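Engineer: This is the structure alone, sequence omitted:
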């Protein structure tokens, strides 16, 4: 998969990214501790209420300032990763103008979508008290389903251009496979992922009639026809095995569990006191909960990662049995090599954090077909 030079490059890429992540998380941790110890969060809460006596507006101001502050901290790391690390290792194709435009679009999307959801969340709290979590759960679940259905149609085109795959040998081969696999193919798109990065990928999204399969243009450039059909067969496998629906249902249940726990903490005066406030506070209770929920989040994400890896094995098996195991193996090797993937991550790290099995695990599983 790697020659000596590529392997050394892969190791260097893994090391520099790990160091950046460590520095970023350390800086974030130190700043958070300082803000808690100095009572800055409580002071921000009081200041937001001096700007507006309205509970909703004051709450939106509080979290708006936190959003801006968090972005100021993270932006230098994002710039360094994109224009130094990714550039050094030959991945970056993002121009400064495109980077700035992406940031602006991201801000607008966060304000419109995130701000709207936060406003609804606050409104439910004001109207229903401790029962707010039920109404928020129902509303957020509906939004999650809608985003799953329309993400590729509404959100993704804000950042990337999607083009229907043109007629030709590749599309004919894909249509022939889909007919054989019993998969109704209506929406097959090519995405201009190469305008930001040389990395290649493919994904399945949507539900029912809104389902779409998207292939990066960089994927098509680097892989053979058989490999591309195998990758698409893997994505079809996710649909046939109902992975998208299963993951969505579990995410909704997880969200309900989190909101239920939040309802017990959001008005806790002790949490507010820990931030330096003399009285209970909705925003400090919510902020404190996000910190206290971290260990629980680790457990739930662990469960979701285990399930995700199981889904990847099943999608690989579907592609191998309905098309070619060898073509999928070849595609996976190319993807790993081109992306400078770490081929030998520690098993414990894989268990906790990987949503996909490692390349060697997938190749070993595909040997039986």
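Structural biologist: Cool, got the structure. Because the structure is a prediction, the values reported are computed rather than measured.
Engineer: CA only for contacts and neighbour counts going forward, please
Structural biologist: OK.
Engineer: Count the neighbours of residue 216 for me.
Structural biologist: 20 (other Cα atoms under 10 Å).
Engineer: So which elements touch the one helix or strand residue 235 maps to?
Structural biologist: Applying DSSP states H and E as the criterion places residue 235 in helix 225-240. Applying 3 or more Cα pairs under 8 Å, 6 or more residues apart in numbering; DSSP states H and E, one finds that helix 225-240 contacts helix 169-181, strand 202-205, helix 294-322, helix 325-338.
Engineer: Go through those and find the least confident stretch.
Structural biologist: Per-stretch mean pLDDT for the helices and strands packed on helix 225-240 is lowest at strand 202-205 (a mean of 80).
Engineer: what are the pairing partners of that strand, and which direction each?
Structural biologist: Strand 202-205 has its sheet partners listed here by DSSP bridges as strand 212-216 (antiparallel).
Engineer: relative to helix 225-240, how tilted is the strand it pairs with?
Structural biologist: 150 degrees (axes from the mean of the first three to the mean of the last three Cα atoms, to 10 degrees).
Engineer: What does the pLDDT read for residue 209?
Structural biologist: pLDDT recorded at residue 209 is 66.
Engineer: quick one on the thing from earlier: tell me the helix or strand right after the helix holding residue 235.
Structural biologist: Downstream of helix 225-240 (by DSSP H and E), the next one is helix 243-265.
Engineer: mean confidence score for that following helix?
Structural biologist: 91.
Engineer: After it, which helix or strand is next?
Structural biologist: helix 269-274.
Engineer: what comes into contact with the least confident helix or strand in the chain by mean pLDDT?
Structural biologist: Taking mean pLDDT, DSSP states H and E as the measure, the helix or strand of the chain with the lowest value is strand 202-205, at a mean of 80. For strand 202-205, contacts defined as Cα atoms under 8 Å, 6 or more residues apart in numbering pick out 148-149, 151-152, 211-216, 219, 231-232, 235-236, 238-239, 244.
Engineer: Show the buried residues in those residues.
Structural biologist: 148-149, 151-152, 211-216, 219, 231-232, 235-236, 238-239, 244 (16 or more other Cα atoms under 10 Å).
Engineer: Show me what counts as buried in the strand or helix carrying residue 19.
Structural biologist: Assigned by DSSP H and E, residue 19 falls within helix 4-37. For helix 4-37, the neighbour count (16+ other Cα under 10 Å) marks 7, 10, 13, 20, 24, 36 as buried.
Engineer: OK, contacts around the third one?
Structural biologist: Contacts for residue 13 were tallied using Cα under 8 Å, 6+ apart; they are 85, 89, 340.
Engineer: Thought residue 10 was touching the last one, still the case?
Structural biologist: Yes. Because the distance of 4.8 Å satisfies Cα atoms under 8 Å, residue 340 is recorded as touching residue 10.
Engineer: so what's the spatially most distant residue from the centre of the chain closest to, chain neighbours aside?
Structural biologist: Most distant from the centre of the chain: residue 278, at 37.5 Å, with distances by Cα atoms, centre = their mean. Spatially, and ignoring its direct neighbours in sequence, residue 278 is nearest to residue 272 (7.3 Å; Cα to Cα, 6 or more residues apart in numbering).
Engineer: What is the burial count for that neighbour?
Structural biologist: Residues near residue 272, counting by other Cα under 10 Å: 24.
Engineer: Mind picking the lowest-pLDDT entry from the buried residues of helix 4-37?
Structural biologist: residue 7 (90).
Engineer: distance of it from residue 1?
Structural biologist: 9 Å (Cα to Cα, to the nearest Å).
Engineer: gap between residue 188 and residue 213?
Structural biologist: Residue 188 is 5 Å from residue 213, by Cα to Cα.
Engineer: repeat for residue 43
Structural biologist: 48 Å.
Engineer: wait, the residue nearest to residue 278 sits on residue 287?
Structural biologist: No. Residue 272 lies out of contact with residue 287 (Cα under 8 Å); the separation is 9.3 Å.
Engineer: shared neighbours of the two, anything?
Structural biologist: Counting by Cα under 8 Å, 6+ apart, nothing touches both residue 272 and residue 287.
Engineer: Quick one: residues contacting the nearest residue to residue 279 once chain neighbours are set aside.
Structural biologist: Setting aside the residues directly before and after it, residue 279 is nearest to residue 269 in space (Cα to Cα, 6+ apart), at 6.3 Å. By Cα under 8 Å, 6+ apart, residue 269 lies in contact with 279-281, 285.
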